[in-house]
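1. Below: sequence and its predicted model.
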Amino acid sequence: MRQIKRLATAALIAAGSVNLIGSVPSSATTLNIVMESRLSVLDPVLSTAHQSRNHGYMIYDTLLALDEQGVIRPEMVDNWRISDDKKTYTFTLRDGLAWHDGAKVTAEDCVASIKRWAQQDRMGRALMKYITDLRADGEKSFSVTLSIQTDLILTAFAKPSGIPLFIMPKRVAETPVTEPITDYTGSGPFKFVAAEYKPGVRVVYVKNEAYVPRPEPASGLAGGKVAKVDRVERIEMADQLSAVNALIKHEIDYLETVPFDLLPMVEGLPGVVVERLDTLGYQPVYRFNHLHPPFNNKLVRQAAMYAIGQEAALQTQIGNPKYYRTCAAVFGCGLPYESSAKSEMVIPSNIEKAKSLLKASGYNGERVVILQATDIPLIASMPIVIAQHLREAGFNVDLQAMDFMTVLSRRSNRASVAEGGWSLFVTTWHNTEIEDPIRSFTVTANGNDAWAGWPTVPAVVEGTNQFLLAPDEEHRKEIAARLQELVIDEGVVGPLGSVTKPVGYSSAISGVLHAPVQVFWNISK
Amino acid sequence: MVSYIFSRTLATIPVMAIVAIIVFLLLRLSTGDPAAIMAGDAASPAQVEQMRHQMGLDRPIAVQFVVWINHLLSGDFGLSLHSKIPVWDMIAGRVGPSFALSISTIAFSVIVAIPLGVIAAWAHGTLLDRVAMSFSVIGFSAPIFVTGYILVFFFSLKLDWFPVQGYHPLSDGPLLFLQGIALPTLALSTIYIALISRITRSSLLEIMGEDFIRTARAKGATEFSVFLRHALRNASIPIVTIIGVGAAFLISGVVVTESVFNIPGLGRMVVEAVLARDYPLIQGLVLVFSFVYVVVNLIVDILYTVLDPRITY
């Protein structure tokens, strides 16, 4: 009853609801941003959602970071040393690091953060198997000792997406990884304003006045993180057209993604800049369900891959060739482990080849259930094209449209299609999340423990481990190329090229950084 | 009357209880797993299972229901699965914009629609009547989002009279409040203006053929008096009914309007909660909406007795 009274009171004061939120000084500069989707989970370790990651970059700092060229640079770390046997890495924190509550950042905080992150992140989990010792050596120094010689520890600490290694206070990092954190104290260039947080409406960050940036200029996610605006107000906007209209009318300063179909509204418009800030982009992929017919048959999977192709799906979804390219690489187009192996299977659509393989496979007309996520702008239309190509090749296709959240739920169902299961789904990953076999979920093939689709291909598991143990980059490239051939041949994953997204921002702002993640330090208004 | 209101208020309790049970069961039986959604695209089955356990979703449905009802009876609607903020706080924080939009829409619709319906009835069969009813048909036919985008295009982007999106409470100043609420109100009102004006017209035309109207005219009453004093009052029951129904159906209208104009109200929250399978939040919202339906119906019933003293309960 007390709650009902509260609600009734709220309703009565309705439009005149008193603004209890702290007022903003009139001289404060506020950057109004609209991101691609809403922020729903504030724990960037618990969730792999990109918006949780973006929130993480605002308030937390990272030990290492990638610059605009993809080179690993120190960020919170002043320097690191590698032991003579190349198994122990000792990191020393730079001076001036402090939490938002004023306390000093210590090596203990870093160790606790690494431990929590490594329980959740795929690359972290893989490396933890080989970490024999992880400890603070003093207030500002900690070391990681491995049982193998690998520099992938640096790659893992610097990786920008998936689950980046955000450093949290020890008391926060000790939260069990299955529970969301509730203390959002970070040490990054902005502070989260919990009092102004309204889920689905607005997220507010204010400049961390005490932040000591690195002296180098900002580059990618590395260098000096100088907050040049006093506040960043993230406005959650459900409607894409409204967001574009708001950008045109300068009600917002920054729109993370301009929908491809709305690009003509803003391209060339005075006062609005449209730019590809993230040139690495995203990789749409499809995965088969290996547990049930028809895709528990390798020949059927190969027939489907020959039928699907890339160009039609990309053309239908993106339209403008400036923002997509065909590419067979399963470890990211234009990235170090790019390979063209088996490209003839995944780039062109070869219906005749698909028909002949399907005939040889003994396919019996089993229903192919495709899960179509209609609310993900990068992939919403691709399943329609895939379904049509599969039908042309002779498949019996049942295309089922739903929101992405339902896809996530349906996808975990391992039953047959007759019992609510599925045969194929399409999703998308940032290229930095699939850049190598250690971090990529799309190539996992360890049966029941694999990512949805649950393929069992021991050679892929073995190859992934070889990659981890490889002594140098040259060997890794060879292994990655072999793995690409294997995963495509086995139908573990079907790459659908590469897509970049246009960002729209007001010409009244400057200092926008080119990076795989949209960040808001260095921006002036 | 007081005993009627009391008995009707008591009757809401079983209604709300039934709603609570149905909503709870529907959510648990529908497709969707909040744990899988929260864990994200890359979560392993073990991680999803851990998350499910942490959320209490691995317990039998009956146990979950008893826990929920127990909390509900003590006024605790639980925490949002995603934000971990109390559901009531989240709802209370979004009531204001929806309430303001609903009130302004109903008020604007009544102010425009009733005179429009009266004029159409008065000028029955003339060009004026046809024009008024043509507008009414357009109002019925145009989807709210289309009307909204057209209004934004002309009044925001071209004329720069109103903002494209956003909401300001009255405490930010009346001008800002009105600027923010004007276009959404206009967009959402079109369908209600159409509905109410048509009902007003048809009710009046029906009443105008009654004997007491002829008597009023025979007694020398002016047409103005006949329309407003005699006819409109007697035609008001169906008009009030349709306003009540409209107020109840506003909930579906605000979902679209709040999205198009980026108003942080309950309509958008419903969509967000459903997409995220935030069970406690959905349950709380449905109970609030059900309560609103019941209250609106009660108000309409009371208004009947005010408008027509012959009606007793």
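-> It's in.

2. Show the contacting residues for A:A158.
-> A:A158 is in contact with A:T62, A:L63, A:L64, A:A65, A:L66, A:I72, A:R73, counting by C-beta atoms under 8 Å, 6 or more residues apart in numbering or on different chains. Glycine gets a C-beta too; all of them are placed from N, C-alpha and C.

3. let's see 7 Å
-> Taking C-beta atoms under 7 Å, 6 or more residues apart in numbering or on different chains as the contact definition, A:A158 lies against A:L64, A:A65, A:L66, A:I72.

4. Disregarding flanking residues, what is the spatial nearest neighbour of A:T432?
-> When the adjacent residues along the chain are set aside, A:T432 lies closest to A:S161, with 4.7 Å between them (C-beta to C-beta, 6 or more residues apart in numbering or on different chains).

5. That neighbour sits in which helix or strand?
-> Element membership of A:S161 [criterion: DSSP states H and E] is none; it lies in no helix or strand.

6. and it, what pLDDT?
-> In the prediction, the pLDDT value recorded for A:S161 is 92.

7. Please give the number of neighbouring residues around it.
-> Burial of A:S161 is recorded as 22 neighbouring residues (other C-beta atoms under 10 Å in any protein chain shown).

8. Likewise for B:T9?
-> Burial of B:T9 is recorded as 12 neighbouring residues (other C-beta under 10 Å).

9. Could you measure from it over to B:V2?
-> As defined by C-beta to C-beta, to the nearest Å, B:T9 lies at a distance of 11 Å from B:V2.

10. Name the nearest of the contacts of A:A158 relative to chain B.
-> The nearest member of the contacts of A:A158 to chain B, counting by C-beta to the nearest C-beta, is A:L66 at 19.7 Å.

11. Would you check that that closest one makes contact with A:P160?
-> Yes - assessed by C-beta atoms under 7 Å, A:L66 is found in contact with A:P160 at 5.5 Å.

12. Now for the two: what residues contact both?
-> A:L221.

13. Find the closest residue to chain A in the stretch 201-313 of chain B.
-> Closest to chain A within the stretch 201-313 of chain B is B:P264: 3.9 Å, counting by C-beta to the nearest C-beta.

14. secondary structure class for that residue?
-> In terms of secondary structure, B:P264 is coil; the call rests on DSSP: H, G, I helix; E, B strand; the rest coil.

15. In contact with it, which residues?
-> Neighbour list for B:P264: A:K198, A:V201, B:R94, B:P97, B:Y167 [criterion: C-beta under 7 Å, 6+ apart].

16. and what of B:L176?
-> B:L176 sits in contact with B:H168, where contact means C-beta under 7 Å, 6+ apart.

17. tell me which residues of whichever helix or strand it is part of are tucked away?
-> Here B:L176 is covered by helix B:174-207, with elements defined by DSSP H and E. Neighbour counts using 16 or more other C-beta atoms under 10 Å in any protein chain shown place B:176-177, B:180-201, B:203-205, B:207 of helix B:174-207 among the buried residues.

18. after it, next one along is what?
-> Using DSSP H and E, the helix or strand that follows helix B:174-207 in sequence is helix B:211-218.

19. Mind checking the pLDDT average for that following helix?
-> The predicted confidence, averaged over helix B:211-218, sits at 89.

20. and if you look at stretch A:324-339?
-> The average of the pLDDT scores along stretch A:324-339 is 95.

21. quick one: terminal-to-terminal distance for it?
-> The straight-line separation of the ends of stretch A:324-339 (C-alpha to C-alpha, to the nearest Å) is 18 Å.

22. And the contacts of the strand or helix carrying B:V131?
-> Per DSSP H and E, B:V131 falls inside helix B:127-141. Surrounding helix B:127-141, the residues in contact under the criterion C-beta under 7 Å, 6+ apart are B:L116, B:I119, B:A120, B:A123, B:T190, B:I191, B:I193, B:A194, B:S197, B:R198.

23. so how far is B:A182 from the closest residue to the first one other than its chain neighbours?
-> It stands for B:L116. Ranked by C-beta to C-beta, 6+ apart and with sequence neighbours excluded, the top spatial neighbour of B:L116 is B:S197, at 4.2 Å. Relative to B:A182, B:S197 is positioned 20 Å away (criterion: C-beta to C-beta).

24. Quick check: residues of the stretch 401-525 of chain A near chain B?
-> Residues of the stretch 401-525 of chain A lying close to chain B (C-beta under 7 Å from any C-beta of the partner chain) are A:D403, A:M405, A:T406, A:L408, A:S409, A:R410, A:S412, A:T427, A:F441, A:D449.

25. The fifth one: neighbouring residues, count only.
-> Translated: A:S409. Burial measure for A:S409: 21 neighbouring residues, criterion other C-beta under 10 Å.

26. and it, what pLDDT?
-> You'll see A:S409 listed with a pLDDT of 78.

27. Tell me who's in contact with it.
-> When contacts are counted by C-beta under 7 Å, 6+ apart, A:S409 is found next to B:T31, B:G32, B:D33, B:A36, B:I37.

28. Give me the secondary structure label for the closest residue to A:N245 other than its chain neighbours.
-> The shortest distance from A:N245 to any residue that is not its chain neighbour, by C-beta to C-beta, 6+ apart, is 4.4 Å, and that residue is B:V164. Of the three states, B:V164 takes coil according to three-state DSSP.
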